[in-house]
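**Q** mind looking at a prediction? Sequence and model below.
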Amino acid sequence: MDRQPGGWRVREGTRGPVTDWSISGRWEPPPPPPRFDPPPPPAWAAPDPRAPKPGRARRSGRVAASLATFVLVAGVALGAISAVRLLRAPGDSLTPMVPESTAVYMTAYLQPSGAQELALSALASRFPVLADSSQRARWVNGLLDDALSGTGLDHDDVLPWLGAQVGLSVDAQGLVSGTSASGSAYALYVSTVDDAATRAALQKVQATLAGNQDGASYDFTTQEYQGVTITTETESFAPLFQNISGQLGGLPTATAAPTTAPTDSILVGSYAIVDHVLVMAGSTAYLEEIIDTDQGRRAGLDANTDYQAVLGQLPSERLGLLFLDYPSILQALQGELSGEASAGVSIQPEIDLLQAYRGMGAGVEAEADGLAVDAVTDYDASQLSADQRAVMETAPDDNAAAAITPASAAALYGFAGTQYLVREVIDSLEQVSPEVGTYLSQSGLGAALLDLTGDFGIELDSGQASGAAGALIVGTDDPTATGQFLDSMIPSVIGQTVVPGENEPAPSLSQVTYRGVEITVYDLPAAAESLAWTVTGGEAIIATSPDELEAIIDTMDGAPSLAQSSGYAQTAGAAKSVAVGYIDMAQLTSLIDSSLPADMRAGFEQNVLPNLRPIRSVSMTETDTSDESAAHVLIEVG
């Protein structure tokens, strides 16, 4: 992908065989893309003055649970694989009905654009489990059948009417407290191409759940709201004593609970078909709010400026989308905690640290060389502290830890500007709790942390004969002080957590020299492990074994490094960044395979490993500006 101002642009073209990604197995070239102008936000007026009643406490019923599972599985299975048909999909059809107060919005496009469809088809053909259209269809059908278990439905009842999009919305207050003025404020959305077939499927569910199920009965009632038919599901169950006594066959008849004992009833949820979208909400009041939004009486998510800002920074062609609205979440959190503050409990300092956050969005896209995720977080620069601004303005670089990590490493995560991040963390901790500042000062940890600078990295190496090993690597501007701190702190901390047995030798410290570098080794007989650390070349290195530390020193002296490997250089290391992550899947799967017991290894190698081999790597890079963080993740398939 090519980095563009404010986001990422999908590269054109595909690599590898292009195969059909449809159940029919017949490929047809996609029609030319139509011109699409996003519709303007719907007109809206003041909220309905009729205050909705707060929702009652709820227990998940079978319809809600099964349909919720279906939506999530459909979003992953069909949205990630699009096993329906190659069509040019319209824009987001759900946001006009999603309330503006939504704090979390997720959606998956089951019929992505032609370019996304073709790229996804080419990627899928490289996995044995998805090698051809019939296998893909069986896999998707099986996932849907499992998700719909207990509802009386299977994939044949759903696929004929399933539309182009599924989604989820959660209200800010509902996210924080579980309920809001609109009751259980969450909703699942499934677009439909056949309202009548959708209603028939829902009626089949009702028929399946009619009567008593495991001590509970499900009732469905309907009502009209603004021309839309709403169905509400309630769950009724006998009191606890009646349920227990009814199952105790040895009880005398005289002691059995009467069959006319009163029952408890709770609201499970409500659903309706709104503008060719099946909406399943946690409460009737929230469903009515969605209907009002769809019909223009309330503002929709499209009116949220943070949502629009994030949307404009993400690729327009995508398979799915996630949006978080931080301001609404913080506002709801402050309201929820106001009562606790009056009782002497307050986390206002922690909330203040998040005031600069605006919107966060992530999009999933299919590319020629893999599946990508682009994420953007926007900030209000005027609300950032000096430490936060310093972190955001850290200059991107080629991570120094990658340059000294052995080429055999299976994974690496690193970032630049350690000194700025350390200062921000220390200042934040001291603001939240003055006692933390006292501890940092008295223990010497604060001063040692402030000596850290430059790049940070943590790596996992699969190349050691003794098995997996790892190391933490970080720059320091005072090698002597940092070395003295490590020599005193590590034995003190580890010695309190690893206690030798009655007949086991105690941990011991020793000094060795390797290639002119002094290494401290801390042997832990009780754990059959040895830690090793040193400070050399301006880097403090703490490794899980002396062998791993020596391998890093070898790399510093010219042995092949991860940064020099083609896989890393072409993905995570292709451009300078402020944060980087990389997983070499061949190294990682080899490490997993070798660590499995013999009885599990055969199944892993036969069923799992063939479908992991096409994945070459997983990489992540991040770049920051004063008011935006942009991250790009690529699951490279080859």
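**A** Nice, thanks for sending it over.

**Q** might you report the residue contacts of the nearest residue to Leu449 once chain neighbours are set aside?
**A** In space, and not counting its chain neighbours, Leu449 is closest to Val422: 4.9 Å by Cβ to Cβ, 6 or more residues apart in numbering. Quick note: C-beta positions are derived from backbone N, CA and C, even for glycine. Applying Cβ atoms under 8 Å, 6 or more residues apart in numbering, one finds that Val422 lies in contact with 449-450, 452.

**Q** next: Pro614.
**A** When contacts are counted by Cβ under 8 Å, 6+ apart, Pro614 touches 126-127, 637-638.

**Q** rerun that using 6 Å as the cut-off
**A** Counting by Cβ atoms under 6 Å, 6 or more residues apart in numbering, Pro614 touches 126-127, 637.

**Q** got the contact list for stretch 571-590?
**A** 394, 396-399, 410-416, 462, 563, 567-568, 612, 615, 617-624, 634.

**Q** quick one: end-to-end length of that stretch, please.
**A** Its start and end residues considered, stretch 571-590 measures 21 Å (Cα to Cα, to the nearest Å).

**Q** how far away from the center of its chain is that stretch?
**A** Relative to its chain's centre, stretch 571-590 lies at 19 Å (Cα atoms, centre = their mean, to the nearest Å).

**Q** next: stretch 547-560.
**A** 35 Å.

**Q** if you average pLDDT over it, what comes out?
**A** Mean pLDDT, computed over stretch 547-560, is 97.

**Q** what's the answer for stretch 275-284, then?
**A** For stretch 275-284, mean pLDDT is 95.

**Q** one more: stretch 368-387?
**A** Throughout stretch 368-387, pLDDT has a mean value of 92.

**Q** try stretch 172-190
**A** For stretch 172-190, the mean per-residue pLDDT is 78.

**Q** quote the end-to-end distance of it.
**A** Taking Cα to Cα as the criterion, the two ends of stretch 172-190 lie 21 Å apart.

**Q** please pick the buried ones from the contacts of Pro614.
**A** Neighbour counting over the contacts of Pro614 (16 or more other Cβ atoms under 10 Å) leaves 126-127, 637 as the buried ones.

**Q** verify the stated contact: Asp326 with Gly361.
**A** If you look again at residue 326, you'll see it is Tyr, not Asp. No. Using Cβ atoms under 6 Å, Tyr326 is not in contact with Gly361, being 11.3 Å away.

**Q** which one of the two has more residues nearby?
**A** Between Tyr326 and Gly361, counting by other Cβ atoms under 10 Å, Gly361 is the more crowded of the two (24 against 21).

**Q** how much space between that one and Leu301?
**A** Separation of Gly361 from Leu301 (Cβ to Cβ, to the nearest Å): 12 Å.

**Q** with Gln203 instead?
**A** Distance, Gln203 to Leu301, using Cβ to Cβ: 31 Å.

**Q** who has more neighbours, the two?
**A** Regarding Gln203 and Leu301, a neighbour count based on other Cβ under 10 Å identifies Leu301 as having more, with 24 against 13.

**Q** local confidence estimate at the closest residue to that one other than its chain neighbours?
**A** Among residues not flanking Leu301 along the chain, Val98 sits closest, at 4.2 Å (Cβ to Cβ, 6+ apart). As predicted, Val98 sits at a pLDDT of 97.

**Q** before we move on, what about Gln570?
**A** So Gln570 comes in at 95 (pLDDT).

**Q** pull the helix or strand with minimum mean pLDDT from this protein.
**A** Within the chain, confidence by mean pLDDT, DSSP states H and E is lowest for strand 7-9 among all helices and strands, at a mean of 35.

**Q** pick the one among the contacts of Val422 closest to Val373.
**A** For the contacts of Val422, the minimum distance to Val373 (Cβ to Cβ) is 29.9 Å, reached by Leu452.

**Q** number of nearby residues for Ala598?
**A** Burial measure for Ala598: 6 neighbouring residues, criterion other Cβ under 10 Å.

**Q** so what pLDDT did it get?
**A** 90.

**Q** what's the separation between it and Phe604?
**A** Distance, Ala598 to Phe604, using Cβ to Cβ: 11 Å.

**Q** before we move on, what about Ala551?
**A** 27 Å.

**Q** thinking again about what came up before, show the average pLDDT along the one helix or strand the residue nearest to Leu449 maps to.
**A** Using DSSP states H and E, Val422 sits in helix 418-432. The average pLDDT for helix 418-432 rounds to 84.

**Q** for it, buried residues please.
**A** With burial defined by 16+ other Cβ under 10 Å, the residues of helix 418-432 counted as buried are 418-424, 426-430, 432.

**Q** dump the residues you listed to a markdown table, plus distance to Tyr225.
**A** What follows is the buried residues of helix 418-432, written out as a markdown table (distance: Cβ to Cβ, whole Å):
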| residue | distance to Tyr225 |
| --- | --- |
| Thr418 | 56 |
| Gln419 | 58 |
| Tyr420 | 53 |
| Leu421 | 51 |
| Val422 | 55 |
| Arg423 | 55 |
| Glu424 | 49 |
| Ile426 | 54 |
| Asp427 | 51 |
| Ser428 | 47 |
| Leu429 | 50 |
| Glu430 | 53 |
| Val432 | 46 |
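
**Q** any idea which of the residues you listed is closest to Leu118?
**A** Leu421 (41.5 Å).

**Q** buried sites along stretch 616-625?
**A** Buried positions in stretch 616-625, judged by neighbour count with 16+ other Cβ under 10 Å: 616-624.

**Q** rewinding a little: what is the nearest of the buried residues of helix 418-432 to Gly467?
**A** Taking Cβ to Cβ as the measure, Gly467 sits nearest to Thr418 out of the buried residues of helix 418-432, at 29.0 Å.

**Q** is the closest one in contact with Asp451, as I believe?
**A** No. Applying Cβ under 6 Å, one finds Thr418 not in contact with Asp451, separated by 10.1 Å.

**Q** domain ranges for the protein?
**A** What automatic domain parsing lists as the domains of the chain is 2-13+67-240+260-352, 384-637.

**Q** lowest average pLDDT across the ones you listed?
**A** Mean pLDDT per stretch puts domain 2-13+67-240+260-352 lowest among the domains of the chain, at a mean of 80.

**Q** run the chain-centre distance for it.
**A** 16 Å.

**Q** Asn304 contacts Ser101, doesn't it?
**A** No. Judged on Cβ under 6 Å, Asn304 makes no contact with Ser101 at a distance of 8.9 Å.

**Q** ranges for the helices of the stretch 101-250 of the chain?
**A** For the stretch 101-250 of the chain, the helices defined by DSSP state H, counting those that start in this stretch cover 114-124, 133-147, 155-158, 172-177, 195-209, 240-246.
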